[in-house]
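> here is my input, please return the structure:
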Amino acid sequence: MKPIHYILYICAVVGLAACDSGDIQEKVYTVDEKGKTVKVTARLSNLSEWEGTGYTLAVAGFTADSKFALLQRALPSSAEDGTPVSIVLSNISNEVQTVEVALTNSLRKRIISLATINMSEHAEKSARDTIRLDLGTVDAGHFGVLQTAIFNRACIQCHGGNGRSAAGLNLTEGNARANLVDVPSTRQEGMLRVESGNVERSLLHLILNEGGEHLLTHNHTEILSSQFKTNLEEVNYLIDSWIERLTP
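Below is the predicted model of the structure:
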């Protein structure tokens, strides 16, 4: 068979119309449509703080009975602060009950979640439909995660602004760090709310761990455990590791 005949024979078998014109068409890849797709968009800052810590901030899918992600995609630590990024988690099976923006450890165990999508609320969507979540602007650094996932959820009801700052402590966004780090306690004389680099001498650590219920009028260990029933140990460790990394 002559070469030109051989080429025409391939075109006829494969059915590539481009062979007739000589054009090379763009490749189109079909996505597996067995599972759903979630797309998370955000403007992130300080994400690089997690490098080398053993933690990963990721979009992750969890089943109902496990703390370990069935699948996950890390948020890009190389992303420039303030640059819009999009993370797509695809082929999500029906086993996955929640898709979360979560901090996970090296075993993909959930430490804490910043945002959650309940997949049951999107059961009517087909695999062709993308479930979207826009987080807006997010401080994705260590303290930013504490603010979003812990202080905003469990603390600002009592330690908020507008006259609701118990003990003069304002833990709202933009105020919390300045109200905590190396600031004297108004309730325990001689103690700092958070002593940079020293966990055991930080009042925040003491009131959130065993025995802390006796230090102040309100039982802060009980308050925290009521909000984080399944991951209290991980939450306390995350707070302690932030204190350890602070430079005096």
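
> please make it C-alpha for all contacts and neighbour counts, starting now.
Noted.

> how's the protein carved up into domains?
Per automatic domain parsing, the structural domains of the chain span 36-139, 143-245.

> make JSON lines out of the ones you listed and add mean neighbour count and mean pLDDT.
Below are the domains of the chain laid out as JSON lines (neighbours: other Cα atoms under 10 Å; pLDDT from 0 to 100):
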{"stretch": "domain 36-139", "mean neighbour count": "17", "mean pLDDT": "95"}
{"stretch": "domain 143-245", "mean neighbour count": "17", "mean pLDDT": "93"}
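
> pretty sure Leu44 contacts Gly144?
No - the criterion here is Cα atoms under 8 Å, and Leu44 misses it with Gly144 at 10.4 Å.

> and Ser90, what helix or strand is that in?
Per DSSP states H and E, Ser90 falls inside strand 84-92.

> toward the C-terminus, what is the element adjacent to that strand?
strand 98-104.

> now whatever helix or strand comes next after that following strand, how far from the centre of its chain.
Reading on from strand 98-104 to the C-terminus, the next helix or strand found by DSSP H and E is strand 110-118. Going by Cα atoms, centre = their mean, to the nearest Å, the spacing between the C-alpha centre of strand 110-118 and its chain's C-alpha centre is 6 Å.

> neighbouring strands for the following helix or strand past strand 110-118, and are they parallel or not?
As assigned by DSSP H and E, the chain's next helix or strand after strand 110-118 is strand 130-139. Sheet pairing of strand 130-139 (DSSP bridges) gives strand 36-45 (parallel).

> the partner strand to strand 110-118, inter-axis angle?
If you take axes from the mean of the first three to the mean of the last three Cα atoms, to 10 degrees, strand 36-45 sits at 120 degrees to strand 110-118.

> which residues sit against strand 36-45?
The contact list for strand 36-45 (Cα atoms under 8 Å, 6 or more residues apart in numbering) reads 59, 79-93, 99, 125-141.

> tell me the helix or strand right after it.
For strand 36-45, the following helix or strand on the C-terminal side (DSSP H and E) is strand 56-62.

> packing partners for that next one?
In this structure, strand 56-62 packs against strand 71-74, strand 84-92, strand 98-104, with contacts taken as 3 or more Cα pairs under 8 Å, 6 or more residues apart in numbering; DSSP states H and E.

> now those in TSV, with distance to Ser120?
Formatted as TSV, the helices and strands packed on strand 56-62 follow (distance: least, Cα to Cα, whole Å):
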stretch	distance to Ser120
strand 71-74	17
strand 84-92	12
strand 98-104	8
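
> for Leu208, which of those strands is the nearest?
For the helices and strands packed on strand 56-62, the distance to Leu208 is smallest for strand 98-104, at 20.4 Å, taking Cα to Cα.

> please name every helix or strand in contact with that closest one.
Judged by 3+ Cα pairs under 8 Å, 6+ apart, the packing partners of strand 98-104 are strand 56-62, strand 110-118.
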